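>>> Would you be able to build a 3D model of this:
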Amino acid sequence: MSDAEHPEYHLAQVNVMKLSAPLDSAQLQPFVAALDPVNALADAAPGFVWRLQSEEGDATAFRMLGDDMLLVNMSTWTSLQALNDYVYRSGHVEIMRRRREFALPIAEAYLALWWVRAGERPTVRQAEERLRYLRANGPSSFAFGVRTPFPPETLASLASRKGLAPVSRALPES
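Numbers count the residues shown, from 1 in each chain. You can find the predicted model right below:
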């Protein structure tokens, strides 16, 4: 896949982190203290479009997969290259290096990527559907990983091949 931007599409990403302790614990205090600076880095990163956040400005209130210790991070980007540059070539990498202090290993896929129409904001429900699909079926144009990218394609074509409702239709939160 080309790392070129596709003006009609944005790359959606969800990643989850299994907390090693409660969010308000002393053990996770350095992680919690890094949230605002890391989120500010994302907000200012080239190619950043949107991120999931509550009124508090972060996503620590969101959960998925029925696990209260699983944090959710979601965002959209103009390209895979823009996302990779932020994750691996910015100050974000410093907190990633410390993830073993804050997170337990997850044996299954903990990150899923997919394409959305430019301006679309994916829901937590959609993200959970993508992550579950990737875990059950492996990478495809419906959900893939950083190492197994797929190019954007028409969302209606993708939905009809998978027997799914068009992904541009917002699914209600549950």
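>>> Look up how far Trp115 lies from Asp67.
As for Asp67, its distance to Trp115 is 27 Å (criterion: Cβ to Cβ, to the nearest Å). All C-beta spots, glycine's among them, are computed from the backbone N, C-alpha and C.
>>> Look at the two and report which has more neighbours.
Comparing Asp67 with Trp115 by neighbour count (other Cβ atoms under 10 Å), the higher total belongs to Trp115, at 26 against 11.
>>> ok, the closest residue to the more buried one other than its chain neighbours - how many residues close by?
Among residues not flanking Trp115 along the chain, Pro152 sits closest, at 4.1 Å (Cβ to Cβ, 6 or more residues apart in numbering). Around Pro152 there are 19 other residues, counting by other Cβ under 10 Å.
>>> List phi and psi for Pro152.
Note on Pro152: its backbone torsions stand at phi -70, psi 150 [degrees, to the nearest 10].
>>> before we move on, what about Val16?
When read as degrees, to the nearest 10, the backbone of Val16 gives phi -120, psi 150.
>>> Same question for Leu104.
Torsion angles, degrees, to the nearest 10, at Leu104: phi -90, psi 150.
>>> Show me what it is bridged to.
Counting by DSSP bridges, Leu104 is bridged to Lys18.
>>> Ala21 is in contact with that one, correct?
No: in this structure Leu104 lies outside contact range of Ala21 using Cβ atoms under 8 Å: 9.5 Å.
>>> Look at these two and report which has more neighbours.
Legend: neighbour count by other Cβ under 10 Å for Leu104 and Ala21, higher for Ala21 (16 against 13).
>>> So what's the residue count around the closest residue to the more buried one other than its chain neighbours?
Leaving out its chain neighbours, the residue that sits closest to Ala21 by Cβ to Cβ, 6+ apart is Gln27, at 4.2 Å. For Gln27, the count of nearby residues is 13 (other Cβ under 10 Å).
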